[in-house]
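Chemist: Any chance you can model this:
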Amino acid sequence: MLLRILGTAAGGGLPQWNCACPGCAGARRAPARRRLHDGLAVHGQEPSSWFLANATPDIAEQLESHPGLRPDAGDTRTPVVRVVLTDAELDHTLGLLRLREASRIEVWATEPVRRALVSRLHLANVLAPYTDLTWHDLPLAGDGPPADIAGVAVGAVPLSAKRPRYAVDEPAHPAWSVALSLHDAHTGGSALYAPALAAWSDAFDKEIARADCVLLDGTFLDDDEPRRTGISERTASGMGHLPIEGPDGTARRLHRSAPTRCYYTHLNNTNPLVDPDDPAHGRLARLGLRVAAERMVISL
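Modeler: So this is what the prediction gives:
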């Protein structure tokens, strides 16, 4: 199983178009610091068979940046695109509209996520004149066998009932936001992808322990970052993202769980970790943790 990192930034990307914070200013001065919206492409046993974990506003640039995701030699089109969604947030779903050139888009999502995209964003109605949009249920861990997508077993670990702003009045459900559990029976490799983590449950802890590689929510470095930088009156955890550092931070938990490889992703533009020279990188390295790099490839 191959994991291609398509992007590592939280909503808005880096730099964010309307922001001149140190992170965004640094990315404008040094283009190597730029980060696209967080997302993955996952390959199973067949290199030509792949699916996306989320579809971001940067999806066209992301697919073009990886030769392995372009149409095969001799093919004029990519006929089918498969997408597995972790939630219904705009930065993880707007790329579905950009994929309309495909003959068919197959989407795996939990029930509340599908309902929001169909009834609130009207994605099915908008895409119908362009492509065939096919929905599949994304099975929750413990509720049945995982989905077989491109040769990879994919399950969902419920994380929180946090709804996107456009669907805030929708009914509560524990699977509005999920982590993706990925397993390749051919190689035995496994991974856990959780770009938005509001709480660390016992079930999530067990999935962490089973995974060979973890890609985890690194939106904010500490809990007070949103208030300190002026982007919100709420804390990081109040915005639905456990911070990396601090008493309730994820870094110490990950260090105790000790997965083989662990990378932080989904970094907000205010996060000091967007600066490669920030001392926080050294503190994480001493715990065996790193920040995911744009376009890196992980083999499992």
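Chemist: ok, residue 79 - how many residues close by?
Modeler: Residue 79 has 10 neighbouring residues, counting by other CB atoms under 10 Å. Yep, even glycine has a C-beta here, placed from its N, CA and C like the rest.
Chemist: which phi and psi does it have?
Modeler: Backbone geometry at residue 79, expressed as degrees, to the nearest 10, gives phi -70, psi -40.
Chemist: who touches the nearest residue to it once chain neighbours are set aside in this structure?
Modeler: Spatial nearest neighbour of residue 79, chain neighbours left out: residue 103 (4.6 Å); criterion: CB to CB, 6 or more residues apart in numbering. Residue 103 sits next to 77, 79-80, 131-132 when contact means CB atoms under 8 Å, 6 or more residues apart in numbering.
Chemist: just curious, which of those is nearest to residue 168?
Modeler: The closest of the contacts of residue 103 to residue 168 turns out to be residue 131 (CB to CB; 29.1 Å).
Chemist: Now do the closest one against residue 82, distance only.
Modeler: 13 Å (CB to CB, to the nearest Å).
Chemist: Those two: who's more crowded?
Modeler: For residue 131 versus residue 82, neighbours defined as other CB under 10 Å are more numerous around residue 82 (20 against 17).
Chemist: Need the three-state assignment for that one.
Modeler: strand (DSSP: H, G, I helix; E, B strand; the rest coil).
Chemist: Also residue 11?
Modeler: coil.
Chemist: Check residue 294 too.
Modeler: Residue 294 is classified as coil under three-state DSSP.
Chemist: Run a quick check on it versus residue 35, I expect a contact.
Modeler: Yes. Here residue 294 reaches residue 35: they are 6.0 Å apart, a contact under CB atoms under 8 Å.
Chemist: Give the residues shared as contacts by these two.
Modeler: Joint contacts of residue 294 and residue 35 (CB under 8 Å, 6+ apart) are 7-8.
Chemist: wait, is residue 116 part of a helix?
Modeler: Yes. Assessed with three-state DSSP, residue 116 lies in a helix.
Chemist: what's the burial count for it?
Modeler: 22.
Chemist: Name the residue in residue 294 and residue 35 with the higher neighbour count.
Modeler: residue 35 (24 against 17).
Chemist: Which strand residues bridge that one?
Modeler: Using DSSP bridges, the beta-bridge partners of residue 35 come out as residue 14.
Chemist: so who does it touch?
Modeler: Applying CB under 8 Å, 6+ apart, we find residue 35 in contact with 7-9, 13-14, 27, 267, 274, 294.
Chemist: From residue 28, how far out is residue 20?
Modeler: 9 Å.
Chemist: More neighbours: which of the two?
Modeler: More crowded of residue 20 and residue 28, by other CB under 10 Å: residue 28, with 13 against 10.
Chemist: How about the secondary structure of that one?
Modeler: Residue 28 ends up helix, using three-state DSSP.
Chemist: Nearest spatial neighbour of it, chain-adjacent residues omitted?
Modeler: Nearest one to residue 28, counting by CB to CB, 6+ apart, is residue 15 at 5.3 Å.
Chemist: Quick check on the one you found: phi, psi?
Modeler: phi -80, psi 150.
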